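Undergrad: Fold the following, please.
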Amino acid sequence: MAINRILLIHAQVVLGSEVRKDVAVLVEEGVITAVDPCTSAQAEIVDLSGRLLIPGLIDLHCDAIEKEVEPRPGVHFPLDFACAQADRRNAAAGITTVFHAISFANHELGVRNNAFAAEIVRSVMAMRPHSLVDNRVHARYEITDETGLPILLRLMDAGMAQMVSFMDHTPGQGQFKDADSYRTYLARTYRKTKDEIDGILERKRSAAADALERMKGLANHAKLKGIPLASHDDDTPEKVGMMAAMGATISEFPVTLEAARASRSLGLSTLFGAPNVLRGRSQSGSVRAMDAVLDGCADCLCGDYSSAALLPAVMKLPDLTVLALPKAVAMATLNPARAAGLHDRGEIAVGKRADLVAVSFDSGSPQAETVWVQGVPVLRACPGRW
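TA: Okay, the predicted model is just below:
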């Protein structure tokens with residue numbers, strides 16, 4: 001059987017610590033086998049004409065799939081259609097590995113209803129063999145939901161969750177500083193009346209009593225299954241310490257610099273949203289991602305609610321910080337790969353998966369022009385062909 005071999009030539013390649021111009025990368029059977037090889041016999045030649053070549057982006061947290069499923073409140077698309085659209089949007093964004101952040105938070109309703117969330121998980125997993133990029137599940141558990149844990153445990157046992165995290169949207173801590181901000185969120189997102197919101201808040205407060213035991217149960221099960229565990233919206237060093245003691249290795253969206261610094265000191269990888277970088281501020285009044293980068297306590301960027309934001313945010317960092325391009329790119333490639341335990345990808349190096357993105361700047365904003373997943377081109381954009 002003939003070997004599937006391609007040679008990418010005349011590329012500007014982002015390596016671990018440098019950017020090298022006019023470099024060739026050899027890919028065989030989906031794996032990078034050489035950088036500037038001495039020979040390339042029988043390889044298909046792909047001339048990148050000076051395009052920037054980076055590793056495929058790895059997104060540890062993006063809940064944009066919720067909008068694919070429910071583009072308007074109460075309006076639902078078929079799940080196979082929604083998952084396919086999310087897959088293609090990620091390929092177009094240069095994301096070759098995505099952890100779809102799917103919330104199990106019954107009191108928040110909509111697609112976060114536990115039964116509905118479980119159906120989305122099953123649809124994502126059913127699509128995996130036919131998808132363009134590597135689609136994975138990041139199951140988010142709202143700790144004040146007393147009904148979601150058994151469902152999550154079953155999904156984990158079935159191999160349908162590749163990452164799990166704790167959420168706590170109880171007003172007065174974390175993302176929501178007070179009850180008014182949480183009420184505004186529920187009214188805007190789910191169109192709930194005052195009485196309905198009062199009922200949701202009361203149920204959350206009632207269910208909070210046993211939250212710690214549920215958290216311990218989920219954390220122990222994740223450890224047993226070898227599934228990475230993340231905390232969410234940590235706002236104090238004390239909370240970070242508690243999460244780390246439970247086995248969390250990732251801190252998503254620390255609310256304050258103090259919490260982000262504490263996460264780093266305890267060995268947790270910190271994760272911030274790319275939209276925060278592009279917009280220059282948090283949507284909820286938390287710490288600016290750029291301030292965390294400047295402080296040196298930001299490890300990873302993620303799509304959060306917009307997969308398209310990840311690539312331009314990465315490319316913006318060298319202009320706004322002291323980060324060189326390889327370090328900026330690593331925040332969406334190598335660093336999240338390591339945080340998730342995916343040691344086969346995340347960098348352009350011999351032996352790694354050939355998940356690659358050729359980046360074009362022709363339109364001003366950086367765009368993924370060609371995307372390869374294990375050496376297979378899943379996106380080939382041809383701008384200007386009108």
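Undergrad: Now do the nearest residue to Leu8 once chain neighbours are set aside against His100, distance only.
TA: Once flanking residues are discounted, Leu8 sits nearest to Val25: 4.6 Å by CB to CB, 6 or more residues apart in numbering. The way it works is simple: take the backbone N, C-alpha and C, and place the C-beta from them, glycine included. Distance, Val25 to His100, using CB to CB, to the nearest Å: 29 Å.
Undergrad: quick one, which of the two is more surrounded?
TA: His100 (28 against 23; other CB atoms under 10 Å).
Undergrad: So the more buried one sits against Arg136, correct?
TA: Yes. If you go by CB atoms under 8 Å, His100 and Arg136 touch, sitting 7.0 Å apart.
Undergrad: Quick check: neighbours shared by those two?
TA: With contacts taken as CB atoms under 8 Å, 6 or more residues apart in numbering, His100 and Arg136 have Val124 as neighbours in common.
Undergrad: Can you give me the separation between Ala354 and Tyr305?
TA: Where Tyr305 is concerned, Ala354 sits at a distance of 29 Å (CB to CB).
Undergrad: From start to finish, how long is stretch 268-288 in a straight line?
TA: End-to-end distance of stretch 268-288 (CA to CA, to the nearest Å): 19 Å.
Undergrad: for stretch 43-52, that is, sorry about that
TA: 21 Å.
Undergrad: Could I get the average pLDDT for stretch 255-268?
TA: Confidence over stretch 255-268 (mean pLDDT, whole number) is 96.
Undergrad: again, but for stretch 271-279
TA: Mean predicted confidence for stretch 271-279 is 95.
Undergrad: now the helices: where do they sit in the stretch 151-300 of the chain?
TA: 179-190, 194-207, 211-225, 237-246, 257-265, 274-279, 289-295 (DSSP state H, counting those that start in this stretch).
Undergrad: what does the stretch 1-150 of the chain give?
TA: Using DSSP H, counting those that start in this stretch, helices in the stretch 1-150 of the chain cover 65-69, 79-92, 114-127, 148-157.
Undergrad: Dump the shortest one to CSV, keeping only the CA atoms.
TA: As requested, C-alpha coordinates have been extracted for helix 65-69 and formatted as CSV (Å, rounded to 0.1, in the frame of the first residue of the first chain):
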residue,chain,number,x,y,z
ILE,A,65,-22.6,24.6,20.2
GLU,A,66,-25.4,25.7,22.4
LYS,A,67,-26.3,28.4,19.9
GLU,A,68,-26.1,25.9,17.0
VAL,A,69,-28.7,23.8,18.9
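Undergrad: who's in contact with it?
TA: Everything outside helix 65-69 that qualifies as a contact, by CB under 8 Å, 6+ apart, is 76-77, 79, 82-83, 85-86, 89, 100-103, 110-112, 120, 124, 305.
Undergrad: switch to 6 Å and redo it
TA: 82, 85-86, 100, 111 (CB atoms under 6 Å, 6 or more residues apart in numbering).
Undergrad: go on, the last one?
TA: Here helix 148-157 makes contact (CB under 6 Å, 6+ apart) with 104, 114, 118, 121, 139, 141, 161, 214, 221, 225.
Undergrad: can I get the residues you listed in TSV with neighbour count and distance to Ile65?
TA: Shown next, in TSV, are those (neighbours: other CB atoms under 10 Å; distance: CB to CB, whole Å):
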residue	neighbour count	distance to Ile65
Phe104	26	14
Asn114	20	16
Ala118	19	14
Val121	23	10
Ala139	27	13
Tyr141	24	17
Ala161	25	14
Arg214	20	25
His221	18	24
Lys225	14	22
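Undergrad: what comes up buried for stretch 346-366?
TA: Within stretch 346-366, the residues that count as buried by 16 or more other CB atoms under 10 Å are 346-348, 352-360, 366.
Undergrad: ignore the last one, stretch 53-71
TA: For stretch 53-71, using 16+ other CB under 10 Å, the buried residues are 53-70.
Undergrad: returning to that earlier point: filter the buried residues of stretch 346-366 down to just the ones in strands.
TA: Using DSSP state E, the members of these that fall within strands are 356-360.
Undergrad: Quick check: bridge partners of the residue nearest to Leu8?
TA: Leu8, Val35 (DSSP bridges).
Undergrad: which residues sit in contact with the nearest residue to Val357 once chain neighbours are set aside?
TA: In space, and not counting its chain neighbours, Val357 is closest to Gly94: 4.2 Å by CB to CB, 6+ apart. Neighbouring residues of Gly94 by CB under 6 Å, 6+ apart: 57, 311, 357, 368, 371.
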